[in-house]
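Engineer: Generate a structure from the sequence data that follows.
(one chain, ligands or ions: 1)
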Amino acid sequence: MNTKEVIELSDRYIMNTYRRLPVVMVRGQGVRLWDADGREYLDFVSGLAVNSLGHSHPKVVKAIWRQANTLMHVSNLYHIEQQARLAQLLCENSFAAKAFFCNSGTEAVEAAIKLARKYTKTSSKNGAGKYEIITAKHSFHGRTLAAITATGQPKYQKYFEPLPPGFKYVPFNHLQAMQEAITAQTCAIMLEPIQGEGGVYPATKEYLQGVARLCRENNLLLILDEIQCGLGRSGKFLAHQLYEIEPDICTLAKALGNGFPIGAMLAKEQVAQGFEPGDHASTFGGNPLACEVALTVLQVLLDEGIIENAAKTGQYFKNKLLELATKHPQIKAVRGAGLMLGVELTGDGQSVVDYCRQQGLLINCINNKILRFLPPLIVKESEIDTALEILDRAIMN
Ligand SMILES: Cc1ncc(COP(=O)(O)O)c(C=O)c1O
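Structural biologist: Residues are numbered from 1 along each chain as shown. Purely as a prediction, here's the structure:
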């Protein structure tokens, strides 16, 4: 099918939940994508922080092929070796002692909310009345009902009321507001160390360390949503390592399968014990195929210098964006960490995105004014230079 035919078919049969761009991607290799008309693009979106090892990574492709030929799915009624080994690898490289697997980010967030409530209600003598979770304004935690309610952006909640009770929002990076929001009903605080969909806003070190202290002092659980900023994107394996703190619960998804759907919720030992058989489940969650893929992804990420590359090229990219900002008054701010970077513009960002795409560079724009850059973590400085040349022209245009 050609581009026009695919777009017509898609418009006819696909529900209208995305404002899609008029392109059909048909092939990917490393940092590059090709559309149905044979045009080549530098992909600085990575399926929204998913394809961290690049497209069609040979070891990931091989893992899918190998495992699909052996055993794709059995239910969680049985033990699954790949699931246990994946949990071991995640735990041995993080604060966590146990993992729960699901299929997406929003499901990992749901699992975290349920675990936080159950653990709190059952672990302390005055825990029964504690259910409230404080989150941040501009946060994003997913699209299921509890996750949109946890999300501190009213635009995602409108028309879906009644929303589940028990969520409260405070301004991000404002420690006093957080302290004042804690009540006798609070059971947890949930934050993204670097807000993604809200506009690429990193927490300050002072703030996140202060929140961790508030959690300790008030006996609250700290849930960190690392679905976008985790797994190497920030230049550390988990972004909270930049802040030298530890959460009680952490959510992951996106890059974990490099495109194969899988999510995870990690927790410390004592907190994980809040869940007992029957409390939570997922038919597909943690099946042999998804876990074999994620195991391969993590091994490549951890063993092949990918995270170090994200830290190094991320700093290079950020410095160059800051240089660009001195040249273009249209650039109001440059922020982010590792290869999760944002450029806030004074004017329209969509025209910049469109110009870049026409010149062979894919980037994303939030709220029509914040350009977001999420290249694969394998990106080279020379590819960043090419992207910057296009961006320079796009902003001038
Ligand atoms: C921080 C964060 N949490 C949760 C989600 C939801 O993940 P998913 O779309 O896989 O459900 C996202 C997705 O963008 C995210 O960035």
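Engineer: From now on I want contacts and neighbour counts done on CA atoms only, so please keep to that.
Structural biologist: Fine.
Engineer: since we're on the residue lying closest to residue 75 once chain neighbours are set aside, how many residues are nearby?
Structural biologist: Take residue 75 and drop its neighbours on the chain: the residue closest to it by CA to CA, 6 or more residues apart in numbering is residue 283, 6.4 Å away. Other residues near residue 283 number 13, with proximity taken as other CA atoms under 10 Å.
Engineer: Over to residue 283. Which of the three states is it?
Structural biologist: Classification of residue 283 by DSSP: H, G, I helix; E, B strand; the rest coil places it in coil.
Engineer: just checking, it touches residue 73?
Structural biologist: No. Taking contacts as CA atoms under 8 Å, residue 283 lies outside contact range of residue 73: 9.4 Å.
Engineer: How about the contacts made by residue 202?
Structural biologist: Listed by CA atoms under 8 Å, 6 or more residues apart in numbering, the contact set of residue 202 reads 193, 194, 195, 335, 336, 337.
Engineer: what's the distance between it and residue 329?
Structural biologist: Residue 202 sits 23 Å away from residue 329, going by CA to CA, to the nearest Å.
Engineer: do the same with residue 369
Structural biologist: 14 Å.
Engineer: So which residues on the stretch 251-397 of the chain come close to the ligand?
Structural biologist: Applying CA under 6 Å from any ligand atom, we find that the stretch 251-397 of the chain lies next to the ligand at residue 254.
Engineer: What segments of the stretch 251-397 of the chain are strands?
Structural biologist: 263-267, 331-337, 340-345, 361-362, 364-366, 370-373 (DSSP state E, counting those that start in this stretch).
Engineer: Report the secondary structure element holding the residue nearest the centre of the chain.
Structural biologist: Using CA atoms, centre = their mean, the residue of the chain that lies closest to the mean C-alpha position is residue 228, 1.5 Å off. Residue 228 is part of no helix or strand when elements are defined by DSSP states H and E.
Engineer: OK, contacts around it?
Structural biologist: Contacts of residue 228 by CA under 8 Å, 6+ apart are 49, 196, 252, 253, 254, 255.
Engineer: now it: how far from the ligand?
Structural biologist: Counting by CA to the nearest ligand atom, to the nearest Å, the gap from residue 228 to the ligand is 4 Å.
Engineer: Kindly report the same for residue 129.
Structural biologist: From residue 129 to the ligand the distance is 27 Å (CA to the nearest ligand atom).
Engineer: try residue 152
Structural biologist: 12 Å.
Engineer: my guess is that residue contacts residue 140, does it?
Structural biologist: Yes. Using CA under 8 Å, residue 152 is in contact with residue 140, at 6.8 Å.
Engineer: Identify the bridge partners of residue 342.
Structural biologist: Assessed by DSSP bridges, residue 342 has beta-bridge partners residue 335, residue 372.
Engineer: Quick check: phi and psi on the residue nearest to residue 75?
Structural biologist: Dihedral pair for residue 283: phi -60, psi -50, per degrees, to the nearest 10.
Engineer: ok, now residue 41?
Structural biologist: According to degrees, to the nearest 10, residue 41 has phi -130, psi 150.
Engineer: so what's it closest to, chain neighbours aside?
Structural biologist: With CA to CA, 6+ apart as the criterion, residue 41 has its nearest non-adjacent residue at 4.3 Å, and that residue is residue 360.
Engineer: Local confidence estimate at that neighbour?
Structural biologist: At residue 360, the pLDDT value in this model is 98.
Engineer: ok, it to residue 271 distance?
Structural biologist: Distance from residue 360 to residue 271, by CA to CA: 47 Å.
Engineer: do residue 396 as well
Structural biologist: Distance of residue 396 to residue 271, given as CA to CA: 52 Å.
Engineer: So those two - more neighbours on which side?
Structural biologist: Of the pair residue 396 and residue 271, residue 271 is the one with more neighbours under other CA under 10 Å, namely 21 against 11.
Engineer: Who are the contact partners of that one?
Structural biologist: Per CA under 8 Å, 6+ apart, neighbours of residue 271: 115, 116, 119, 248, 249.
Engineer: for those residues, which one is nearest the ligand?
Structural biologist: residue 249 (13.4 Å; CA to the nearest ligand atom).
Engineer: The closest one: what's it in contact with?
Structural biologist: Per CA under 8 Å, 6+ apart, neighbours of residue 249: 96, 112, 221, 222, 223, 224, 265, 266, 267, 268, 271.
Engineer: For it, grab phi and psi.
Structural biologist: According to degrees, to the nearest 10, residue 249 has phi -140, psi 140.
Engineer: what bridges to it?
Structural biologist: Assigned bridge partners for residue 249, using DSSP bridges, are residue 223, residue 267.
Engineer: i'd like the first residue to be 265 from this point on
Structural biologist: With 265 as the first residue, the last one maps to residue 513.
Engineer: on that earlier part again, name the nearest of the contacts of residue 466 relative to residue 496.
Structural biologist: residue 601 (10.5 Å; CA to CA).
Engineer: shouldn't the closest one be in contact with residue 580?
Structural biologist: No. Contact criterion CA under 8 Å: residue 601 and residue 580 do not qualify, at 11.0 Å.
Engineer: Neighbour count for these two, which is higher?
Structural biologist: residue 601 (23 against 17).
Engineer: helix, strand or coil for the closest residue to the more buried one other than its chain neighbours?
Structural biologist: Counting by CA to CA, 6+ apart, residue 601 lies nearest to residue 498, which is 5.1 Å off, once chain neighbours are set aside. Secondary structure state of residue 498, per three-state DSSP, is coil.
Engineer: Report the contact partners of residue 498.
Structural biologist: Per CA under 8 Å, 6+ apart, neighbours of residue 498: 574, 575, 601, 602, 603, 604.
Engineer: What's the separation between it and the ligand?
Structural biologist: 13 Å.
Engineer: burial of residue 302, as a residue count?
Structural biologist: 11.
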